[in-house]
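Undergrad: Here is a sequence together with a model predicted from it:
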Amino acid sequence: LESQFDAQQREAQKAQADLVKEKQDQQKEILQELDDVDLSIMKLERELLDVKAKVTTIHSEEYQFEKQVKATSRIVTSLETKKRRLAERRAKETRKEEEKMKAKKKRPVVQRDQPFVGIPYKREELVSTFA
């Protein structure tokens with residue numbers, strides 16, 4: 001009876017040890033999976049930080065490009081204004097020239113009854129008298 005009781009005790013202890021070992025194995029597997037998950041999370045966090053840094057860089061570059069575009073558009077607008085003013089000034093000058101030409105054409109031509117009579121002289125005589 002005692003040996004039967006001891007055998008039952010050993011079997012119960014063995015079954016309990018098996019259960020404990022099985023639970024420990026399950027705990028080890030769960031801990032290993034948790035470690036893997038932690039590593040994955042850390043890797044994803046690093047990737048997220050890298051992406052955030054890239055996004056920040058891209059935003060700053062975008063801001064710089066926007067500033068350059070604004071400055072360039074201001075310059076282009078200024079140059080277009082100068083070009084338009086110059087064209088207007090030239091058109092105004094051209095109109096003035098045309099008006100002068102029209103005014104010249106409208107002036108009455110002076111008709112002389114007698115042609116202009118200057119002093120008749122010979123160049124050689126005039127030069128020799130001064131020399």
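TA: Structure received.
Undergrad: Show me the shaky parts of the chain.
TA: Counting by pLDDT under 70, the chain has low-confidence residues at 106-131.
Undergrad: gap between the residue positioned nearest the centre of the chain and Gln8?
TA: Geometric centre of the chain, nearest residue: Phe65, 2.2 Å, by Cα atoms, centre = their mean. From Phe65 over to Gln8 the distance is 83 Å, taken as Cβ to Cβ, to the nearest Å. Bear in mind the C-beta positions are built from the backbone N, C-alpha and C, glycine included.
Undergrad: Over to Glu61?
TA: Distance from Glu61 to Gln8, by Cβ to Cβ: 78 Å.
Undergrad: And Glu2, by the same measure?
TA: According to Cβ to Cβ, Glu2 stands 11 Å off from Gln8.
Undergrad: Repeat that for Ile58.
TA: 73 Å.
Undergrad: ok, now Thr81?
TA: The gap separating Thr81 from Gln8 is 106 Å, by Cβ to Cβ.
Undergrad: Ok, Arg89 next?
TA: The value you get for Arg89 to Gln8, if Cβ to Cβ is used, is 118 Å.
Undergrad: And for Leu31?
TA: 34 Å.
Undergrad: Next: Ser60.
TA: Ser60 is 77 Å from Gln8, where distance means Cβ to Cβ.
Undergrad: Equivalent analysis for Val51, please.
TA: Relative to Gln8, Val51 is positioned 63 Å away (Cβ to Cβ).
Undergrad: Likewise for Lys28?
TA: 30 Å.
Undergrad: just how off-centre is the lengthiest helix in the chain within its chain?
TA: Counting by DSSP state H, the longest helix found in the chain is helix 2-106. Its chain's C-alpha centre and that of helix 2-106 lie 17 Å apart, by Cα atoms, centre = their mean, to the nearest Å.
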